[in-house]
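Engineer: The following block contains a protein sequence and its predicted model.
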Amino acid sequence: SSEEHFFAEGDNPHKRALDWMLFDDLLIQSNTADSIVRSRYVVVLMYMSMGGETWTPVSDFLEPSARTCTWGYYIDEFVGFRRFTCTSDESIEDLSFNQMNLSNQIITEISALQYLRQLNLGSNRLTGTIPTHLGLLSNLFALRLGEYARIICTSRMEGTTHRSFEIYAAVYVHCLCHRHSDAILSHFPNASSVSSFCHCNTRTTLFFEPSQHKSPRTPGDNNLHGPIPSVIGNMPELTAFYVHNNVDLSGTVPTEVAVLPRLRQIQMQYTNVTNIELFCNRTDTISLFLSDCLDDDVLCTCCTSCCAADPSLNLCFDRFAR
(Lines give C-alpha, C1' and ligand atoms only; values in the text may rest on other atoms or scores of the structure.)
Protein backbone atom coordinates (compact mmCIF):
# COMPACT_ATOMS: atom_id res chain seq x y z
CA SER A 1 0.00 0.00 0.00
CA SER A 2 1.03 3.63 -0.37
CA GLU A 3 3.31 4.96 2.36
CA GLU A 4 2.01 7.89 4.40
CA HIS A 5 5.00 10.08 3.58
CA PHE A 6 3.90 10.22 -0.05
CA PHE A 7 0.80 12.18 0.97
CA ALA A 8 2.72 14.57 3.21
CA GLU A 9 5.25 15.54 0.55
CA GLY A 10 4.74 17.97 -2.31
CA ASP A 11 3.65 17.09 -5.82
CA ASN A 12 3.83 13.35 -6.50
CA PRO A 13 1.51 10.77 -8.09
CA HIS A 14 0.23 9.44 -4.76
CA LYS A 15 -0.78 12.88 -3.53
CA ARG A 16 -2.32 13.80 -6.89
CA ALA A 17 -4.37 10.60 -6.83
CA LEU A 18 -5.57 11.30 -3.29
CA ASP A 19 -6.39 14.93 -4.13
CA TRP A 20 -8.43 13.78 -7.14
CA MET A 21 -10.37 11.38 -4.93
CA LEU A 22 -11.00 14.10 -2.32
CA PHE A 23 -11.75 17.12 -4.49
CA ASP A 24 -12.72 15.97 -8.00
CA ASP A 25 -14.44 12.62 -7.60
CA LEU A 26 -18.24 12.83 -7.66
CA LEU A 27 -18.95 9.14 -7.09
CA ILE A 28 -17.35 8.24 -3.77
CA GLN A 29 -19.48 9.09 -0.73
CA SER A 30 -18.96 8.62 3.00
CA ASN A 31 -20.91 5.35 2.92
CA THR A 32 -19.19 3.89 -0.15
CA ALA A 33 -17.78 0.41 0.45
CA ASP A 34 -14.07 0.29 1.21
CA SER A 35 -13.45 -2.16 -1.63
CA ILE A 36 -14.86 0.30 -4.18
CA VAL A 37 -12.79 3.17 -2.76
CA ARG A 38 -9.67 1.00 -2.81
CA SER A 39 -10.14 -0.15 -6.41
CA ARG A 40 -10.85 3.37 -7.62
CA TYR A 41 -7.77 4.75 -5.88
CA VAL A 42 -5.53 2.09 -7.45
CA VAL A 43 -6.75 2.94 -10.96
CA VAL A 44 -6.40 6.69 -10.34
CA LEU A 45 -2.88 6.10 -9.03
CA MET A 46 -2.05 4.05 -12.13
CA TYR A 47 -3.20 7.01 -14.23
CA MET A 48 -1.09 9.48 -12.25
CA SER A 49 1.99 7.24 -12.04
CA MET A 50 2.05 5.43 -15.38
CA GLY A 51 1.64 8.21 -17.94
CA GLY A 52 -2.14 8.46 -17.97
CA GLU A 53 -2.18 11.67 -20.02
CA THR A 54 -0.62 9.80 -22.95
CA TRP A 55 -2.69 6.61 -22.72
CA THR A 56 -4.30 5.51 -25.96
CA PRO A 57 -6.91 5.25 -27.23
CA VAL A 58 -8.20 8.39 -25.56
CA SER A 59 -11.09 7.38 -23.37
CA ASP A 60 -13.05 8.47 -20.30
CA PHE A 61 -10.56 7.62 -17.57
CA LEU A 62 -11.10 9.77 -14.48
CA GLU A 63 -14.66 10.68 -15.45
CA PRO A 64 -15.72 11.96 -11.98
CA SER A 65 -19.32 10.73 -12.04
CA ALA A 66 -18.72 7.39 -13.78
CA ARG A 67 -18.18 4.05 -12.09
CA THR A 68 -14.58 2.84 -12.24
CA CYS A 69 -15.62 -0.29 -14.10
CA THR A 70 -16.98 1.79 -16.99
CA TRP A 71 -13.77 3.74 -17.53
CA GLY A 72 -11.71 2.90 -20.57
CA TYR A 73 -14.44 1.51 -22.81
CA TYR A 74 -13.67 1.87 -26.48
CA ILE A 75 -14.70 0.35 -29.81
CA ASP A 76 -12.07 -0.97 -32.20
CA GLU A 77 -12.69 -2.08 -35.77
CA PHE A 78 -14.16 -5.37 -34.60
CA VAL A 79 -15.84 -5.16 -31.22
CA GLY A 80 -16.42 -3.00 -28.19
CA PHE A 81 -13.71 -3.53 -25.60
CA ARG A 82 -13.75 -2.98 -21.86
CA ARG A 83 -10.57 -2.46 -19.88
CA PHE A 84 -12.21 -3.88 -16.76
CA THR A 85 -14.35 -6.84 -15.84
CA CYS A 86 -15.97 -6.38 -12.47
CA THR A 87 -18.13 -8.31 -10.04
CA SER A 88 -21.63 -7.21 -9.12
CA ASP A 89 -20.21 -5.29 -6.15
CA GLU A 90 -17.72 -3.39 -8.38
CA SER A 91 -14.63 -5.39 -7.41
CA ILE A 92 -12.18 -5.52 -10.34
CA GLU A 93 -11.61 -9.08 -11.62
CA ASP A 94 -9.91 -8.36 -14.94
CA LEU A 95 -7.61 -5.42 -15.63
CA SER A 96 -6.57 -5.38 -19.30
CA PHE A 97 -4.38 -2.34 -19.93
CA ASN A 98 -2.48 -3.87 -22.83
CA GLN A 99 -1.48 -1.64 -25.77
CA MET A 100 -2.35 1.56 -23.93
CA ASN A 101 1.05 3.30 -23.97
CA LEU A 102 1.54 2.88 -20.23
CA SER A 103 4.98 4.04 -19.09
CA ASN A 104 7.22 4.03 -16.01
CA GLN A 105 7.14 1.28 -13.40
CA ILE A 106 4.32 -1.05 -12.40
CA ILE A 107 2.90 0.33 -9.17
CA THR A 108 2.93 -1.98 -6.16
CA GLU A 109 -0.57 -0.85 -5.16
CA ILE A 110 -2.07 -3.14 -7.82
CA SER A 111 -1.70 -5.81 -5.14
CA ALA A 112 -4.62 -4.16 -3.31
CA LEU A 113 -6.99 -5.50 -5.99
CA GLN A 114 -7.55 -8.67 -3.99
CA TYR A 115 -10.19 -10.13 -6.32
CA LEU A 116 -8.11 -9.66 -9.47
CA ARG A 117 -8.12 -12.73 -11.73
CA GLN A 118 -6.34 -11.38 -14.79
CA LEU A 119 -3.68 -8.67 -15.13
CA ASN A 120 -2.67 -7.76 -18.67
CA LEU A 121 -0.10 -4.98 -19.04
CA GLY A 122 1.45 -6.24 -22.27
CA SER A 123 2.68 -4.10 -25.16
CA ASN A 124 3.31 -0.88 -23.28
CA ARG A 125 6.47 1.05 -22.35
CA LEU A 126 6.93 -0.24 -18.83
CA THR A 127 10.31 -0.27 -17.12
CA GLY A 128 11.65 -1.38 -13.76
CA THR A 129 11.28 -4.79 -12.17
CA ILE A 130 8.31 -7.10 -11.71
CA PRO A 131 7.02 -5.98 -8.28
CA THR A 132 7.21 -8.60 -5.56
CA HIS A 133 3.89 -7.24 -4.28
CA LEU A 134 2.17 -8.99 -7.20
CA GLY A 135 2.68 -12.18 -5.23
CA LEU A 136 -0.17 -11.01 -2.99
CA LEU A 137 -2.65 -11.51 -5.85
CA SER A 138 -3.50 -15.05 -4.79
CA ASN A 139 -6.58 -15.28 -7.05
CA LEU A 140 -4.71 -14.37 -10.25
CA PHE A 141 -5.01 -16.89 -13.09
CA ALA A 142 -3.35 -14.85 -15.87
CA LEU A 143 -0.33 -12.52 -15.65
CA ARG A 144 0.58 -11.00 -19.01
CA LEU A 145 3.55 -8.65 -19.18
CA GLY A 146 4.76 -9.56 -22.66
CA GLU A 147 4.20 -8.29 -26.19
CA TYR A 148 1.13 -8.37 -28.40
CA ALA A 149 1.96 -10.26 -31.59
CA ARG A 150 0.53 -11.20 -34.94
CA ILE A 151 1.11 -14.80 -35.95
CA ILE A 152 1.42 -15.54 -39.64
CA CYS A 153 0.91 -19.23 -40.27
CA THR A 154 2.49 -20.57 -43.44
CA SER A 155 2.74 -24.05 -44.87
CA ARG A 156 4.90 -25.65 -47.51
CA MET A 157 1.90 -27.53 -48.86
CA GLU A 158 0.95 -26.01 -52.22
CA GLY A 159 -2.44 -24.41 -52.34
CA THR A 160 -2.81 -24.01 -48.59
CA THR A 161 -4.83 -21.00 -47.49
CA HIS A 162 -2.60 -18.62 -45.53
CA ARG A 163 -4.13 -16.64 -42.72
CA SER A 164 -2.84 -14.23 -40.12
CA PHE A 165 -3.90 -14.08 -36.51
CA GLU A 166 -3.74 -11.00 -34.33
CA ILE A 167 -3.25 -12.26 -30.81
CA TYR A 168 -4.97 -10.42 -27.96
CA ALA A 169 -3.81 -11.62 -24.56
CA ALA A 170 -2.46 -14.61 -26.49
CA VAL A 171 -5.85 -16.30 -26.24
CA TYR A 172 -8.50 -14.34 -28.12
CA VAL A 173 -7.60 -13.69 -31.72
CA HIS A 174 -8.98 -11.85 -34.70
CA CYS A 175 -8.71 -14.06 -37.75
CA LEU A 176 -8.06 -12.11 -40.94
CA CYS A 177 -8.39 -14.27 -44.03
CA HIS A 178 -6.12 -13.10 -46.82
CA ARG A 179 -8.52 -14.15 -49.59
CA HIS A 180 -11.51 -12.18 -48.39
CA SER A 181 -12.18 -9.24 -46.14
CA ASP A 182 -14.43 -10.71 -43.48
CA ALA A 183 -13.18 -11.03 -39.91
CA ILE A 184 -14.23 -13.36 -37.12
CA LEU A 185 -13.40 -13.60 -33.45
CA SER A 186 -12.07 -17.01 -32.49
CA HIS A 187 -10.41 -18.78 -29.60
CA PHE A 188 -7.32 -20.96 -29.83
CA PRO A 189 -5.99 -22.73 -26.72
CA ASN A 190 -2.51 -23.33 -28.12
CA ALA A 191 -0.20 -22.90 -31.08
CA SER A 192 -1.09 -26.31 -32.53
CA SER A 193 -4.72 -25.20 -32.82
CA VAL A 194 -3.61 -22.17 -34.83
CA SER A 195 -1.71 -24.48 -37.18
CA SER A 196 -4.72 -26.74 -37.54
CA PHE A 197 -7.04 -23.85 -38.32
CA CYS A 198 -4.57 -22.69 -40.94
CA HIS A 199 -4.76 -26.13 -42.56
CA CYS A 200 -1.01 -26.41 -42.10
CA ASN A 201 -0.73 -30.17 -42.36
CA THR A 202 2.95 -30.20 -43.22
CA ARG A 203 5.94 -28.55 -41.55
CA THR A 204 4.69 -25.23 -40.27
CA THR A 205 6.39 -21.98 -39.43
CA LEU A 206 4.80 -19.46 -37.11
CA PHE A 207 6.12 -15.94 -37.62
CA PHE A 208 5.51 -13.71 -34.62
CA GLU A 209 5.20 -10.09 -35.73
CA PRO A 210 5.15 -7.67 -32.77
CA SER A 211 2.67 -4.82 -32.68
CA GLN A 212 3.18 -2.08 -35.24
CA HIS A 213 5.74 -4.34 -36.96
CA LYS A 214 8.44 -3.59 -34.41
CA SER A 215 11.31 -5.85 -33.49
CA PRO A 216 10.70 -7.60 -30.15
CA ARG A 217 13.58 -5.62 -28.62
CA THR A 218 12.79 -2.24 -30.10
CA PRO A 219 12.49 0.57 -27.51
CA GLY A 220 8.83 1.41 -27.02
CA ASP A 221 7.83 -2.07 -25.85
CA ASN A 222 7.87 -3.19 -22.23
CA ASN A 223 11.44 -3.41 -20.98
CA LEU A 224 11.21 -4.97 -17.56
CA HIS A 225 14.49 -6.06 -16.02
CA GLY A 226 15.82 -8.17 -13.18
CA PRO A 227 14.73 -11.63 -12.06
CA ILE A 228 11.30 -13.19 -11.98
CA PRO A 229 10.24 -12.86 -8.32
CA SER A 230 9.86 -16.18 -6.54
CA VAL A 231 6.67 -14.83 -4.91
CA ILE A 232 4.89 -15.34 -8.24
CA GLY A 233 4.81 -18.89 -6.92
CA ASN A 234 2.27 -17.68 -4.33
CA MET A 235 -0.41 -17.64 -7.04
CA PRO A 236 -1.93 -21.15 -6.87
CA GLU A 237 -4.53 -20.37 -9.56
CA LEU A 238 -2.02 -19.02 -12.12
CA THR A 239 -2.67 -20.63 -15.51
CA ALA A 240 -1.01 -18.20 -17.95
CA PHE A 241 2.36 -16.51 -17.40
CA TYR A 242 3.67 -14.29 -20.23
CA VAL A 243 6.85 -12.25 -19.81
CA HIS A 244 8.20 -12.57 -23.36
CA ASN A 245 10.00 -9.77 -25.22
CA ASN A 246 11.42 -8.27 -22.03
CA VAL A 247 15.04 -8.74 -23.06
CA ASP A 248 16.49 -7.53 -19.76
CA LEU A 249 14.65 -10.03 -17.61
CA SER A 250 17.39 -12.22 -16.18
CA GLY A 251 18.22 -14.78 -13.53
CA THR A 252 16.88 -18.31 -13.37
CA VAL A 253 13.33 -19.62 -13.34
CA PRO A 254 12.27 -19.76 -9.67
CA THR A 255 11.39 -23.26 -8.53
CA GLU A 256 8.28 -21.84 -6.85
CA VAL A 257 7.00 -20.65 -10.25
CA ALA A 258 7.96 -23.80 -12.15
CA VAL A 259 5.85 -26.02 -9.89
CA LEU A 260 2.66 -23.92 -9.89
CA PRO A 261 -0.04 -26.61 -10.12
CA ARG A 262 -2.35 -25.01 -12.71
CA LEU A 263 0.24 -23.42 -15.01
CA ARG A 264 -0.56 -24.34 -18.63
CA GLN A 265 0.56 -21.40 -20.81
CA ILE A 266 4.06 -19.90 -20.67
CA GLN A 267 5.82 -17.42 -22.94
CA MET A 268 9.49 -16.82 -22.14
CA GLN A 269 10.94 -16.06 -25.59
CA TYR A 270 13.22 -13.04 -26.07
CA THR A 271 14.27 -12.83 -22.43
CA ASN A 272 17.57 -13.66 -20.73
CA VAL A 273 15.96 -15.90 -18.13
CA THR A 274 17.81 -19.21 -17.80
CA ASN A 275 16.99 -22.73 -16.62
CA ILE A 276 13.81 -22.82 -18.72
CA GLU A 277 14.01 -26.62 -18.61
CA LEU A 278 12.85 -26.48 -14.99
CA PHE A 279 9.26 -26.20 -16.26
CA CYS A 280 9.71 -29.55 -18.03
CA ASN A 281 10.05 -31.46 -14.75
CA ARG A 282 6.28 -31.26 -14.34
CA THR A 283 4.13 -34.36 -14.68
CA ASP A 284 1.21 -32.51 -16.28
CA THR A 285 0.92 -31.12 -19.81
CA ILE A 286 1.74 -27.53 -20.76
CA SER A 287 -0.52 -26.56 -23.68
CA LEU A 288 1.46 -23.48 -24.81
CA PHE A 289 5.15 -22.94 -24.06
CA LEU A 290 7.51 -20.73 -26.08
CA SER A 291 11.19 -20.04 -25.46
CA ASP A 292 14.35 -19.32 -27.48
CA CYS A 293 15.02 -23.04 -27.82
CA LEU A 294 15.45 -22.95 -31.61
CA ASP A 295 19.11 -22.32 -30.81
CA ASP A 296 21.25 -24.88 -29.02
CA ASP A 297 22.06 -22.66 -26.03
CA VAL A 298 18.51 -22.88 -24.59
CA LEU A 299 17.23 -26.31 -23.54
CA CYS A 300 13.47 -26.79 -23.40
CA THR A 301 12.32 -30.33 -24.10
CA CYS A 302 8.65 -29.56 -23.36
CA CYS A 303 8.26 -26.31 -25.34
CA THR A 304 5.42 -26.37 -27.84
CA SER A 305 7.20 -23.82 -30.04
CA CYS A 306 10.85 -22.83 -30.25
CA CYS A 307 11.87 -19.32 -31.28
CA ALA A 308 15.10 -18.04 -32.79
CA ALA A 309 17.17 -16.10 -30.29
CA ASP A 310 17.81 -13.46 -32.97
CA PRO A 311 14.82 -11.13 -32.47
CA SER A 312 15.12 -9.67 -35.96
CA LEU A 313 13.91 -13.00 -37.37
CA ASN A 314 10.64 -12.98 -35.42
CA LEU A 315 10.59 -16.71 -36.09
CA CYS A 316 9.06 -19.50 -34.02
CA PHE A 317 8.65 -23.11 -35.10
CA ASP A 318 5.69 -25.18 -33.95
CA ARG A 319 7.23 -28.46 -32.83
CA PHE A 320 3.95 -30.37 -32.94
CA ALA A 321 2.62 -29.30 -36.34
CA ARG A 322 2.10 -32.20 -38.72
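Structural biologist: That came through fine.
Engineer: what about the nearest residue to W20 once chain neighbours are set aside, neighbour count?
Structural biologist: Leaving out its chain neighbours, the residue that sits closest to W20 by CB to CB, 6 or more residues apart in numbering is V44, at 5.5 Å. For glycine as for every other residue, the C-beta is placed from the backbone atoms N, C-alpha and C. Look at V44: counted by other CB atoms under 10 Å, it has 24 neighbours.
Engineer: Please shift the residue numbers so they start at 118 in all later answers.
Structural biologist: Yes, from this point I'll number from 118; that puts the last item at V161.
Engineer: Can you pull out the low-pLDDT segments for the stretch 218-367 of the chain?
Structural biologist: For the stretch 218-367 of the chain, the stretches with pLDDT under 70 are 265-337.
Engineer: where exactly do the strands run in it?
Structural biologist: 220-222, 235-237, 242-244, 259-261, 266-272, 280-285, 289-294, 300-304, 321-327, 342-344, 357-359, 365-367 (DSSP state E, counting those that start in this stretch).
Engineer: Going by contacts, tell me the helices and strands next to the fourth one.
Structural biologist: Going back to what we said before, that points to strand 259-261. strand 235-237, strand 357-359 (3 or more CB pairs under 8 Å, 6 or more residues apart in numbering; DSSP states H and E).
Engineer: Identify the residues contacting that strand?
Structural biologist: The contact list for strand 259-261, computed with CB atoms under 8 Å, 6 or more residues apart in numbering, reads 215, 234-239, 251, 286-287, 349, 352, 355-359.
Engineer: residue contacts, the closest residue to Q222 other than its chain neighbours?
Structural biologist: In space, and not counting its chain neighbours, Q222 is closest to G245: 3.4 Å by CB to CB, 6+ apart. By CB under 8 Å, 6+ apart, the contact list for G245 reads 221-223, 341-342.
Engineer: Kindly recompute the last result at 7 Å.
Structural biologist: 222-223, 341 (CB atoms under 7 Å, 6 or more residues apart in numbering).
Engineer: closest to W188 among those residues?
Structural biologist: I223 (18.8 Å; CB to CB).
Engineer: The spatially closest residue to P248 that is not a sequence neighbour and V159: what is the separation?
Structural biologist: In space, and not counting its chain neighbours, P248 is closest to T225: 4.8 Å by CB to CB, 6+ apart. As defined by CB to CB, to the nearest Å, T225 lies at a distance of 10 Å from V159.
Engineer: Please say which of the two ends up with more neighbours.
Structural biologist: More neighbours surround V159 than the other of T225 and V159, with 23 against 14 (other CB under 10 Å).
Engineer: What pLDDT does the model give the more buried one?
Structural biologist: Looking at V159, its pLDDT is 98.
Engineer: On the three-state scheme, it is what?
Structural biologist: Assigned by DSSP: H, G, I helix; E, B strand; the rest coil, the conformation of V159 is helix.
Engineer: That one against L230, yeah?
Structural biologist: Yes: judged on CB atoms under 7 Å, V159 makes contact with L230 at a distance of 5.9 Å.
Engineer: Check the model's average confidence along stretch 133-151 for me.
Structural biologist: Averaging pLDDT along stretch 133-151 gives 96.
Engineer: quick one: contacts of that stretch?
Structural biologist: With CB under 7 Å, 6+ apart as the criterion, stretch 133-151 contacts 124, 154, 157-158, 161-162, 165, 179, 181-182, 184.
Engineer: Let's see that with 6 Å instead.
Structural biologist: For stretch 133-151, contacts defined as CB atoms under 6 Å, 6 or more residues apart in numbering pick out 124, 154, 158, 161-162, 165, 181-182.
Engineer: again with stretch 341-353
Structural biologist: Contact with stretch 341-353 is made by 246-247, 249, 252, 257, 363, 365-366, 368, 371, 373-374, as judged by CB under 6 Å, 6+ apart.
Engineer: in it, what counts as buried?
Structural biologist: 341, 345-346, 348-352 (16 or more other CB atoms under 10 Å).
Engineer: Farthest pair within those residues?
Structural biologist: Farthest pair in those (CB to CB) is L341 and N351. Separation: 18.9 Å.
Engineer: hang on, the earlier thing: among the contacts of stretch 133-151, which lie within strands?
Structural biologist: Assignment to strands by DSSP state E places none of these there.
Engineer: and S182, how many residues sit next to it?
Structural biologist: S182 sits with 7 neighbouring residues when counted by other CB under 10 Å.
Engineer: Spell out which residues sit in contact with it, please.
Structural biologist: L143.
Engineer: distance of it from V160?
Structural biologist: Counting by CB to CB, the gap from S182 to V160 is 15 Å.
Engineer: Equivalent analysis for D338, please.
Structural biologist: Distance from D338 to V160, by CB to CB: 23 Å.
Engineer: Then S228?
Structural biologist: Using CB to CB, S228 is found at 14 Å from V160.
Engineer: Give the burial count for the nearest residue to M167 once chain neighbours are set aside, as a bare number.
Structural biologist: Nearest residue to M167 in three dimensions, chain neighbours excluded: L219, at 4.7 Å (CB to CB, 6+ apart). By other CB under 10 Å, 25 other residues sit near L219.
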